[in-house]
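> Sequence first, predicted model second:
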Amino acid sequence: MEAATITSSLHLLHLPTTLVKPPRSRLLSSNNFKITTTQRNVFRNNCGSLHTAMASDDVVTSERRKMEEEKFDWFSEWYPVMPVCDLDKKVPIGKKVLGLDLVVWWDRNENAWKVFDDSCPHRLAPLSEGRIDQWGRLQCVYHGWCFNGSGDCKFIPQAPPDGPPVHSSKKACAAVYPSTTQNGIVWFWPNLDPKFKDIIMEKKPPFIPELDDPSYVKLEGNRDMAYGEH
Ligand code: FES
């Protein structure tokens, strides 16, 4: 019984593993600590499990520390925006993902789906309420600014033709998120930092081969779900 008490106390004290096993001779020869063979075996076994338990505690602690060091960055990953089957190449579509307002539109000049911040650089009107103009650019519904697939402003209707080229100012550019199409889904990278512009060359969205395999049946769709709101 004494052995069990000691084991339990050691555990509560969280002593370092090197202190778990006291010198055997001192333990067994102590006058006020005489134990039977059975008790000694119990103590041995308990010490063994205690040692193992504390070693695994160390592993858990170091794993936890490692996880804290490698904190997940929610804004450095690919996210699905919409299945292509739900998009219309003739109309820009607004979507909120990760709390970001996006507009998805088809850029026929680059033959690719584009994902922009749903906000016109002029007066912040939603670009998703705009249209695709006859040259395949995204045009804001409010004052008619037109943007190409790189976000460059190509036309400002009110700017005099012989005036300064205001449309070429950086402030006139729409914000473009890195995007790609895979498995019939438009994906975007929710970070406008220019260092992620070519992130697709380094990292691709998760690929699910079955989604492209015609021998599988799949259902596609998207549903808006409110989350993280009170
Ligand atoms: S708000 Fe878009 S052009 Fe003015």
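Everything's here; your move. Numbering: from 1, shown residues only.

> roughly how far apart are the closest residue to V104 other than its chain neighbours and M82?
Nearest residue to V104, sequence neighbours excluded (Cβ to Cβ, 6 or more residues apart in numbering): I93, at 5.1 Å. To be clear about C-beta, it is placed using only N, CA and C from the backbone, and glycine gets the same treatment. Distance from I93 to M82, counting by Cβ to Cβ, to the nearest Å: 7 Å.

> Between the two, which contacts overlap?
Contact with both I93 and M82 is made by residues V104, according to Cβ atoms under 8 Å, 6 or more residues apart in numbering.

> higher neighbour count, these two?
Here I93 and M82 are set side by side on neighbour count (other Cβ atoms under 10 Å), and the busier one is M82, at 21 against 17.

> Quick check: pLDDT value at that one.
Looking at M82, its pLDDT reads 94.

> List of residues touching the host helix or strand of it?
Per DSSP states H and E, M82 falls inside strand 79-83. Strand 79-83 is touched from outside by 93, 95, 97-98, 102, 104, 115, 179, 184-190, 205, 220-222, with contacts defined as Cβ under 8 Å, 6+ apart.

> For the chain, just list every one of the strands.
Assigned by DSSP state E, the chain shows strands spanning 79-83, 93-97, 100-107, 112-117, 131-132, 138-139, 146-147, 153-155, 176-177, 179-182, 185-188.

> show me what contacts the residue nearest to the spatial centre of the chain?
Nearest residue to the geometric centre of the chain (Cα atoms, centre = their mean): W74, 3.3 Å. Residues in contact with W74 (Cβ under 8 Å, 6+ apart) are L98, P190.

> Which phi and psi values does it adopt?
With angles defined as degrees, to the nearest 10, W74 sits at phi -60, psi -20.

> Would you mind naming what in this protein lies close to the ligand?
Applying Cβ under 6 Å from any ligand atom, we find that the chain lies next to the ligand at C120, H122, R123, A125, C140, Y142, H143, G144, W145.

> And these, which two are furthest apart?
R123 and G144 (11.8 Å; Cβ to Cβ).

> Name the residue in those two with the higher neighbour count.
Relative neighbour count places G144 above the other of R123 and G144, with 15 against 10, counting by other Cβ under 10 Å.

> you'd agree that one is up against P157?
Yes - contact criterion Cβ atoms under 8 Å: G144 and P157 qualify, at 4.3 Å.

> What separation is there between K90 and the ligand?
20 Å (Cβ to the nearest ligand atom, to the nearest Å).

> can you give me the helices for this protein?
Here the chain has its helices, by DSSP state H, at 2-13, 24-29, 37-69.
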